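# I would like the atomic coordinates for the input below:
(2 chains)
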Amino acid sequence: MLNQLLLNGIIAGSIYALIAIGFTIIYRTVRFFHLAHGAVYTAGAYAAYTLIKLLKVSPILAVPIAVLLSALLGVVIDLLVYRPLRKEGASDLVLLLASFGAFIFVQNLIQLIYGAQILTLRSGEVKEGHHIFGAVITDVQILILLVSLFLMLVLWLFIHKTKIGKAMRAVADDPLGASVVGIDPERIIFVAFLVGSALAGIAGMLISLETNIEPTMGFTAILKGMIAAIIGGIGSIPGSVFGGFFLGLAENLGIWKIPSGWKDAISFVILIIFLLFRPSGIWSALYDRGGK
Amino acid sequence: MMEGKALLSVRDLTKTFGGLMAVNCVSFDIEKGTITALIGPNGAGKTTVINIISGLLRATGGKVVFKGRDITNLPPYRISHLGIARTFQNIRVFPQMTVLENMLVATKYRKGETLLYSVIPDRDVKVEDEQNLKKALHYLEFVGLMDKKDEFAGNLSHGQRRLLELARALATDADLLLLDEPTAGVTPRTRKKLLQLFTRLKNSGKTIMIIEHNMKVVRAVSDRVIVLSNGQKIFDGPPDKAFKDSRVIEAYLGTKWRYM
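Now for the predicted structure:
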């Protein structure tokens, strides 16, 4: 039982981590909470559903298209909603409200097109999973875990080894300093929305293989992603990974002793505890790398 | 001073904040290969002038011409690309990046910076990478931070961060360096080192404009002094004359000192 809960926690955690990383990459460059990230996650799932289930596109082709569409949705939200506001010098609060508006808009648009009912991407009968250490893991769960870990590795390489990744970290550290050494902040914001939204889309797609999809699925997702980002240490990418797995494990181990209906409550209690006692997150305590 | 083509020409530069005239019709030219000190009492508008030249603030009026090109109100990154670099009074290095990464991020790429070529291996990008690494190491050697290259910039001492910020400005290939109080808060030893570096840079053809409060520093390195007071230029000339000029003395010390 414990092993099963641990496994469930790791799998839920990898999804939370993917959402949190995308959210954090964007947060680091624009410095406000991009709530519409949750809608991009939903859009990723619906894009996969549309392509695979409705248009019968082969998954090998459908997956990259769906990722691209999610990435573009994020960029379009930035260009149409946030960018004009940034130019006007809008405050973080205005941008936060705008992001909430964008979230509702995209969510309702999806509802308008596909209806409010639950849809299923999974096809065929449910296969029995593999048994390891007394726990059961399905093929889809193995896929979720492998894809998430692979993406985290790729992202780490991108951020640390490429010139544009370094520029993204420079903007995160000091936007003004970055602009005077020749980095165009708008270009970096564009890349951040592109990469961050692609990750959200992939997370949405992965979850659609595991459970049903519905237009409002993005709300819980962005809440969990945000909680993961905050308990990891807001603005820190390794912190988001850590926060995601921490949250997934805490939720799933928590329901070992208390009814599973309390799962969401557990996350919020953890959030409140962190906000009260350790607002800078776990990561800063484990690994302090100079300054801030 | 006005003959020949100046590297930087500032014409009737004006900046108002609400009703306050922070900079009022300031004009000057900067010749290539010189060190100009911009001095004046607190609130004279020195940093505002540098902020406008480097694109961080929009001018209310007037013009900034660099290498014969109007750069007034261009965004900071464009101005950086054209060859103007700056440092800040309250140092702005990237604390969570290593010293070497701070340098690399400031070097220019033509191709490697695009999203596509930062993921796809490419021979030109590799050549650029090598050149930029060489340049970054060269300037770290120049300021004497080679042994700190893998340290996080946030862990450096105040003086070391000043040196890094200067090296980073050089890594952008700038011809004109705008240095806002580069010796503030550093030890006498680091100050001496910085002054030597400024002179070496000048001798290698770089042009420097420096905001400075320490008059010893001004005397030691500058070819020319521009004095601002209440947003207006009140003196422009060689340093030895500046400290004898009655308007300058008045601006710094108040009128009653004039008669002493």
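# who's in contact with the closest residue to A:A102 other than its chain neighbours?
Excluding the flanking residues, the one nearest A:A102 by C-beta to C-beta, 6 or more residues apart in numbering or on different chains is A:A36, at 3.9 Å. In this view, the C-beta of every residue, glycine as well, is placed from N, C-alpha and C. By C-beta atoms under 8 Å, 6 or more residues apart in numbering or on different chains, the contact list for A:A36 reads A:77, A:81, A:99-100, A:102-103, A:106.
# for A:L97, see how far away the residue of the stretch 1-150 of chain A found nearest chain B is.
For the stretch 1-150 of chain A, the residue closest to chain B is A:R28, as judged by C-beta to the nearest C-beta, at 10.5 Å. Distance of A:R28 to A:L97, given as C-beta to C-beta, to the nearest Å: 20 Å.
# of these two, which one has the most company?
A:R28 (22 against 15; other C-beta atoms under 10 Å in any protein chain shown).
# what helices and strands are in contact with whichever helix or strand that one is part of?
According to DSSP states H and E, A:R28 maps onto helix A:2-30. Applying 3 or more C-beta pairs under 8 Å, 6 or more residues apart in numbering or on different chains; DSSP states H and E, we find helix A:2-30 packed against helix A:37-49, strand A:135-137, helix A:139-161, helix A:163-173, helix A:185-210, helix A:217-232, helix A:237-254.
# any buried residues in the last one, and which?
The one in question is helix A:237-254. For helix A:237-254, a neighbour-count test (16 or more other C-beta atoms under 10 Å in any protein chain shown) marks A:237-252, A:254 as buried.
# after it comes which helix or strand?
Assigned by DSSP H and E, the successor of helix A:237-254 is helix A:263-277.
# ok, residues contacting that following helix?
So helix A:263-277 is contacted by A:220, A:223-224, A:227, A:230-231, A:247, A:250-252, A:254-255, A:281 (C-beta under 8 Å, 6+ apart).
# what is the burial count for the nearest residue to A:T220 once chain neighbours are set aside?
Spatial nearest neighbour of A:T220, chain neighbours left out: A:D264 (7.3 Å); criterion: C-beta to C-beta, 6+ apart. Counted with other C-beta under 10 Å, residues neighbouring A:D264 total 12.
# buried stuff in the host helix or strand of B:N102?
Here B:N102, judged by DSSP H and E, is contained in helix B:99-104. Across helix B:99-104, burial judged by 16+ other C-beta under 10 Å covers B:99-104.
# so where is the chain shaky, pLDDT-wise?
Using chain A. Counting by pLDDT under 70, chain A contains low-confidence residues at A:123-126, A:285-292.
# to clarify, I was referring to chain B.
B:1-4, B:110-114, B:255-260.
# so which bits of it are right by chain A?
Residues of chain B found near chain A (C-beta under 8 Å from any C-beta of the partner chain) are B:54-56, B:75-77, B:80-81, B:85-86, B:88, B:92-97, B:101-102, B:104-106, B:108-109, B:112-115, B:118-119, B:151-155, B:168-169, B:171-172.
# only the buried subset of these, as a PyMOL command please.
In PyMOL, this line selects whichever of these come out buried by 16+ other C-beta under 10 Å:
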select buried, chain B and resi 54+55+56+76+77+80+81+85+86+88+92+93+94+95+96+97+101+102+104+105+106+108+109+112+113+118+151+152+153+154+155+168+169+171+172
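# spatially central residue for chain B, please.
With distances taken as C-alpha atoms, centre = their mean, the residue of chain B nearest its centroid is B:L178 (1.4 Å).
# what is it paired to in the beta sheet?
Beta-bridge pairing for B:L178 (DSSP bridges): B:R86, B:M209.
# same check, this time on B:L13
With DSSP bridges as the rule, B:L13 is bridged to B:V26.
# how about it, what does it touch?
By C-beta under 8 Å, 6+ apart, the neighbours of B:L13 are B:23, B:25-27, B:49, B:52, B:59, B:61-64.
# tell me the secondary structure at the closest residue to B:L170 other than its chain neighbours.
Nearest residue to B:L170 in three dimensions, chain neighbours excluded: B:Y139, at 4.7 Å (C-beta to C-beta, 6+ apart). Of the three states, B:Y139 takes helix under DSSP: H, G, I helix; E, B strand; the rest coil.
# pick the most deeply packed of the helices and strands packed on helix A:2-30.
Mean neighbour count (mean count of other C-beta atoms under 10 Å in any protein chain shown) peaks for helix A:37-49 among the helices and strands packed on helix A:2-30, with a mean of 29.
# so which bits of chain A are right by chain B?
Residues of chain A lying near chain B (C-beta under 8 Å from any C-beta): A:158, A:162-167, A:169-170, A:172-174, A:176-185, A:191, A:194, A:289-292.
# report the contact partners of residue 38.
Defaulting to chain A. A:19, A:103, A:107, A:200, A:218-219, A:221-223, A:225.
# I was thinking of chain B, sorry if that wasn't clear
B:46, B:49-50, B:209-212, B:226, B:228.
# most neighbours of all those, which one?
Going by other C-beta under 10 Å, B:V49 tops the contacts of B:L38 with 29 neighbours.
# now that residue: which helix or strand?
helix B:46-53.
# now the very next helix or strand once past that helix and helix B:46-53, what's the angle there?
The helix or strand immediately downstream of helix B:46-53 is strand B:61-66, counting by DSSP H and E. For strand B:61-66 against helix B:46-53, the angle by axes from the mean of the first three to the mean of the last three C-alpha atoms, to 10 degrees is 70 degrees.
# can I get the contacts of B:L38 in JSON lines with distance to A:Q111?
Output for the contacts of B:L38, formatted as JSON lines (distance: C-beta to C-beta, whole Å):
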{"residue": "B:K46", "distance to A:Q111": "57"}
{"residue": "B:V49", "distance to A:Q111": "55"}
{"residue": "B:I50", "distance to A:Q111": "53"}
{"residue": "B:M209", "distance to A:Q111": "59"}
{"residue": "B:I210", "distance to A:Q111": "61"}
{"residue": "B:I211", "distance to A:Q111": "58"}
{"residue": "B:E212", "distance to A:Q111": "63"}
{"residue": "B:I226", "distance to A:Q111": "64"}
{"residue": "B:L228", "distance to A:Q111": "61"}
